[in-house]
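Asks: no FASTA, just this:
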């Protein structure tokens, strides 16, 4: 039976709590310092005193056939984290996005050096993942690097505190408050079910302010669906087994439709005479247009990109008040955004992986 492995005391000395409030989480490395050091400062409010929390505990116990007193005890020991309710709110309306600033948080010398060391240490697992799943090593390296700097920053919040806070006190000011609250209640349920099956104390699990865990920052539902034992030791360990993390990331990508050998994106240039930017951007990052259809609307590809057989999306990345960056995203670019629903995140993953690969060759 798969077992979660976590030595909280050892990890506490190694982990800096960093977080990036973009929906669920993009990566811990881009959080302001105030968010990095707040993980251990839980509020004194316990959910044992909340009737709504205990009602949900009873429902979870019944649905999952779990011991009612155990579920009540775990949720009852969860603490409200007021800072988390602030961090999940979207940026104020009108706040400009800036790809250059966002990119600089992830493609930096420290992360690239750490990526080279990680690739060298785990080259066999990365090569095997590429052979088995068809996901390039540099994409896997990019994901783990953006998420946790290769395990250096996996989060120091008790996962049960984070999930309980977002289940029962998700801010009403959020435009999708009801949907997000339901999402986190499901994640709390998944965590308890997973912990019970794997004989793990859920109160000992640490992760992001949104409840993501381990080197690849999997939410509990992703752990259940996509995490695999890739090192062959009979248990799934995304905290301390880089091989399991590598295989699980690759398995996640395949589950969302990764196409072996397909590029993630192409450069694009515009023909101002026929450019219909509004129509090209209307589907957002969902691949919709053939190369010919894009050309007819004024977005032109060069070389082999013109022969791309699948659908494409015109992806716009704003640069504050400067000229936006545009790329033609393939279905594989879209798959990367399924890990975190942001084109900025996806391109950061891709470019970090590429930068690490280039550094390895030097």
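Replies: Received it, and whenever you're ready, just let me know what you need. The shown structure was predicted, so the numbers you read here are calculated from the model rather than taken from an experiment.
Asks: CA only for contacts and neighbour counts going forward, please
Replies: OK.
Asks: contacting residues around the residue located most distally from the centre of the chain?
Replies: Most distant from the centre of the chain: residue 273, at 39.5 Å, with distances by Cα atoms, centre = their mean. Residue 273 sits next to residue 298 when contact means Cα atoms under 8 Å, 6 or more residues apart in numbering.
Asks: what about it, which SS state?
Replies: Under DSSP: H, G, I helix; E, B strand; the rest coil, residue 273 falls in the coil class.
Asks: ok, it to residue 306 distance?
Replies: When distance is defined by Cα to Cα, to the nearest Å, residue 273 is 19 Å away from residue 306.
Asks: quick check: closest non-adjacent residue to residue 310.
Replies: Ranked by Cα to Cα, 6 or more residues apart in numbering and with sequence neighbours excluded, the top spatial neighbour of residue 310 is residue 290, at 6.6 Å.
Asks: do residue 325 as well
Replies: Counting by Cα to Cα, 6+ apart, the residue nearest residue 325 is residue 317, at 5.1 Å.
Asks: wait, the one you found sits on residue 99?
Replies: Yes: when contacts are counted by Cα atoms under 8 Å, residue 317 is listed as touching residue 99 (5.9 Å).
Asks: in this structure residue 288 contacts residue 313, no?
Replies: Yes: applying Cα under 8 Å, one finds residue 288 in contact with residue 313, separated by 5.8 Å.
Asks: neighbour-wise, which of the two wins?
Replies: Legend: neighbour count by other Cα atoms under 10 Å for residue 288 and residue 313, higher for residue 313 (26 against 20).
Asks: what's the mean pLDDT across the helix or strand containing that one?
Replies: Element membership of residue 313, judged by DSSP states H and E, is strand 313-319. Average pLDDT, strand 313-319: 97.
Asks: ok, and what's touching that strand?
Replies: Residues from elsewhere that reach strand 313-319 (Cα under 8 Å, 6+ apart): 96-100, 280-281, 283-289, 324-330, 343-344.
Asks: again, only this time at 7 Å
Replies: 97-100, 280-281, 284-289, 324-330, 344 (Cα atoms under 7 Å, 6 or more residues apart in numbering).
Asks: same check on stretch 322-342?
Replies: 26, 253, 256-259, 262-268, 285-287, 311-318, 343, 346.
Asks: tell me how many other residues crowd residue 298.
Replies: Neighbour tally, residue 298, other Cα under 10 Å: 20.
Asks: ramachandran angles for it?
Replies: Per-residue torsions, residue 298: phi 100, psi 10 (degrees, to the nearest 10).
Asks: so what's it closest to, chain neighbours aside?
Replies: Residue 298's closest residue in space is residue 275 (Cα to Cα, 6+ apart), at 4.0 Å.
Asks: is that neighbour in contact with residue 296, as I believe?
Replies: No: applying Cα atoms under 7 Å, one finds residue 275 not in contact with residue 296, separated by 8.2 Å.
Asks: the more surrounded of those two?
Replies: residue 275 (17 against 14).
Asks: contacts only, for the more buried one.
Replies: With Cα under 7 Å, 6+ apart, residue 275 has these contacts: 297-299.
Asks: and it, how far from residue 299?
Replies: In terms of Cα to Cα, residue 275 sits 7 Å off from residue 299.
Asks: repeat for residue 64
Replies: 51 Å.
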